[in-house]
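[1] Starting from these lines, generate the structure:
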Amino acid sequence: RCCRDQASDDPIYLSYAIIMAKSISATDDDDDDGGDGDEEPSASLQEQEKEKLQILAEQARLADRGAAEMVLLQFSASNGEKTPVVECTIELGISLLLGGNIDVQGKMLAHLQDKRDAGFFTSISGLMAQCSVLDLDTFERCNKAEALGVGMSTDTPGITNLYDAEFTCKIFRFLQLLTEGHNLAFQDYLRSQDSNTNSVNIIICTVDYLLRLQESIMDFYWHYCNKDTIDEAGTVNFVRAIRIGKQIFRSLTEYIQGPCIGNQLALAHSRLWDAIAGFIYIFAHMQDKLSKDPDQLELLREFMNLQKEMFIMLLSMLEGNVVNGPIGKQMVDTLVESSANVEMIVQFFDIFLRMKDITSSEAFLEYDANGDGIVSPKEFRRAVETMKTYSNEEIDYIMMCVDANQDGKVDFNEFTERFHSPAKDIGFNLAVLLTILFEHRPNDPRLERLVSKAKRVLDVFEDFLGRIEITGSAGKIERVYFEIRQTHIDQWNKPQ
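    Numbering: from 1, shown residues only. Reported below is the predicted structural model:
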């Protein structure tokens, strides 16, 4: 019996696919954005290596029995329809590839090339096209039903927004794992299958869905922009969309890292820049809106995590690129066209990157009489004004972000850390991006103006921006930037 003959909910296949996926002891924690520092101590390097070898052996055991090829055949037989068989197949495919297993990747690529299996690519493209995005009509219909006491919580098309969010994430996660570890052959093959009669560009299909998702998030932003707060229903929908967006940016990053020049150029000539410009607008205005409401800080953190993934992808777009190349120019064009929004983002980072040094200074701590880190809002404002670091407009903005407790007091250490950590994390990636862009476009006056606006942010990271120069595959000298942590600097400065 072949895959095309089996039922879409074949119980025997479903049972075996689930068993095979669970027989691999690896867990997929790619969506982990970091905890609060309370996690259990990580395993030793020896334990990690032992666990990795065990996972590789488990994956190899299944792959040697044809599981890798079976995954691809099931996709091909689906004709782009989401079925229980396809859902279990994606789970199995992810389990086989976790960790970037190059042997499994090789088996899958060899099968696709030898069999000239165009059905796999048309099915993946069809599944992407069916993936839903946020829809205001569905959202309002759901809200009205809830108000009337009619439960509509089932994840069903036309009833729940992004009802297939988990499935959508897994499709793009599977594609990410196919190319993980800079698998150039698979990266190129996702873009073009020259030996097939019909070639499907999975890279562009990914961008098409990203643009649809961004436009739907923008619709929801406009729905809420004049409202004081984003209610629970809106927050749930935003978080679902953000989760998908993070996965798509990770997949795009993996498509191009290495670098894969062909995929970089494919993205450069796609509508990716439209999506990036849209996201920059959303980030700028959501940061401004959500930071002023203490009850919306979790949603703000979600948006900032998505923003971080976008900047990482943009950095990957510049890997291996030449000075004054087309990709650098297109990126500068996008940033310049969105300059007002980029400046809003930079200003947000600038304000809260400076805040930590201020609130830990002796002059500021004089306002904290009993040393418990808690002051009144008036004392907080007076202390900030005394430092003469912020303009009146910036101080007004900071005070709108201040969250007083039940006693009307401000825990300035907690307030500072709440905004400083994400600002430092994302601000570093932005600083690297602007630094590399400035090297790629050394004589672009538009970029010079943008860099001058971000000077204070760049200055913050100047001592923490490490650089090494390596010889790339084309024989050119390439600069690679990395973060130097404060602990490394302290260790270096200790007496030897």
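[2] alpha carbons only for contacts and neighbour counts from here, please
    Noted.
[3] And the average pLDDT for stretch 160-171 is what?
    The average pLDDT for stretch 160-171 rounds to 90.
[4] Repeat that for stretch 94-106.
    Taken as a whole, stretch 94-106 carries a mean pLDDT of 92.
[5] Output it as CSV, nothing but the C-alphas.
    Output in CSV follows, covering the C-alpha atoms of stretch 94-106 (Å, rounded to 0.1, in the frame of the first residue of the first chain):
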residue,chain,number,x,y,z
ILE,A,94,11.0,17.5,13.4
SER,A,95,12.1,14.7,15.8
LEU,A,96,14.3,13.2,13.1
LEU,A,97,16.0,16.5,12.4
LEU,A,98,16.3,18.1,15.8
GLY,A,99,19.8,19.3,16.4
GLY,A,100,20.5,19.7,12.7
ASN,A,101,21.2,16.0,12.0
ILE,A,102,23.2,16.3,8.8
ASP,A,103,22.9,12.6,8.0
VAL,A,104,19.1,12.8,8.1
GLN,A,105,19.2,16.0,6.1
GLY,A,106,21.4,14.2,3.5
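[6] Roughly how far does E254 sit from F75?
    Look at E254 and F75: by C-alpha to C-alpha, to the nearest Å, they are 21 Å apart.
[7] brain fart, Q59
    Q59 is 19 Å from F75, where distance means C-alpha to C-alpha.
[8] same deal with E140?
    35 Å.
[9] quick one: which of the two has more around it?
    With neighbours defined as other C-alpha atoms under 10 Å, E140 and F75 compare such that F75 has more, 25 against 11.
[10] which residues of the stretch 251-400 of the chain fall in helices?
    Shown for the stretch 251-400 of the chain, the helices assigned by DSSP state H, counting those that start in this stretch span residues 261-268, 272-290, 297-317, 326-337, 339-359, 362-365, 377-387, 392-401.
[11] so which of those helices comes closest to N79?
    helix 261-268 (25.5 Å; C-alpha to C-alpha).
[12] surely Q74 meets I90?
    No. Here Q74 lies out of contact with I90, judged by C-alpha atoms under 8 Å, at a distance of 9.5 Å.
[13] Just list what the helix or strand where A60 lies packs against, helices and strands only.
    Per DSSP states H and E, A60 falls inside helix 45-63. For helix 45-63, the packing partners by 3 or more C-alpha pairs under 8 Å, 6 or more residues apart in numbering; DSSP states H and E come out as helix 84-97, helix 102-115.
[14] Starting from that helix, tell me the next helix or strand along the chain.
    helix 67-78.
[15] Packing partners of that following helix?
    helix 84-97, helix 102-115, helix 118-130.
[16] deepest of those helices, which one?
    Most buried of the helices and strands packed on helix 67-78, by mean neighbour count (mean count of other C-alpha atoms under 10 Å): helix 84-97, with a mean of 23.
[17] Report the contact partners of L96.
    21, 24, 59, 62-63, 68, 104 (C-alpha atoms under 8 Å, 6 or more residues apart in numbering).
[18] Revised request: answer the last question for E343.
    Per C-alpha under 8 Å, 6+ apart, neighbours of E343: 450, 453-454.
[19] and the next element down the chain from whichever strand or helix holds E140?
    Using DSSP H and E, E140 falls within helix 136-147. Downstream of helix 136-147, the first helix or strand assigned by DSSP H and E is helix 165-179.
[20] what's around T168, how many residues?
    21.
[21] Could you check how far the residue lying closest to it once chain neighbours are set aside is from Y13?
    Residue nearest to T168 in three dimensions, not counting chain neighbours: C131, with 6.1 Å by C-alpha to C-alpha, 6 or more residues apart in numbering. For C131, the distance to Y13 (C-alpha to C-alpha) stands at 24 Å.
[22] same question, L458
    Per C-alpha to C-alpha, L458 is found 55 Å from Y13.
[23] And the two? Which one has more around it.
    L458 (22 against 18).
[24] residues touching that one, list them.
    Counting by C-alpha under 8 Å, 6+ apart, L458 has contacts A431.
[25] which of the residues in the strand or helix carrying it are buried?
    L458 is part of helix 455-461, with elements assigned from DSSP H and E. When neighbours are counted by 16 or more other C-alpha atoms under 10 Å, the buried residues of helix 455-461 are found to be 456-458, 460-461.
[26] same question, stretch 299-311
    299-311.
[27] Could you export the contacts of E343 as JSON lines, including neighbour count and pLDDT?
    What follows is the contacts of E343, written out as JSON lines (neighbours: other C-alpha atoms under 10 Å; pLDDT from 0 to 100):
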{"residue": "L450", "neighbour count": "20", "pLDDT": "88"}
{"residue": "K453", "neighbour count": "16", "pLDDT": "87"}
{"residue": "A454", "neighbour count": "21", "pLDDT": "87"}
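[28] Under the pLDDT cut-off, which ranges of this protein? List them.
    Scanning the chain for pLDDT under 70 picks out 1-5, 30-42, 147, 149-159, 322-323, 363-364, 403-407, 472-478, 496.
[29] which helix of it spans the most residues?
    If you go by DSSP state H, the chain has its longest helix at helix 412-440.
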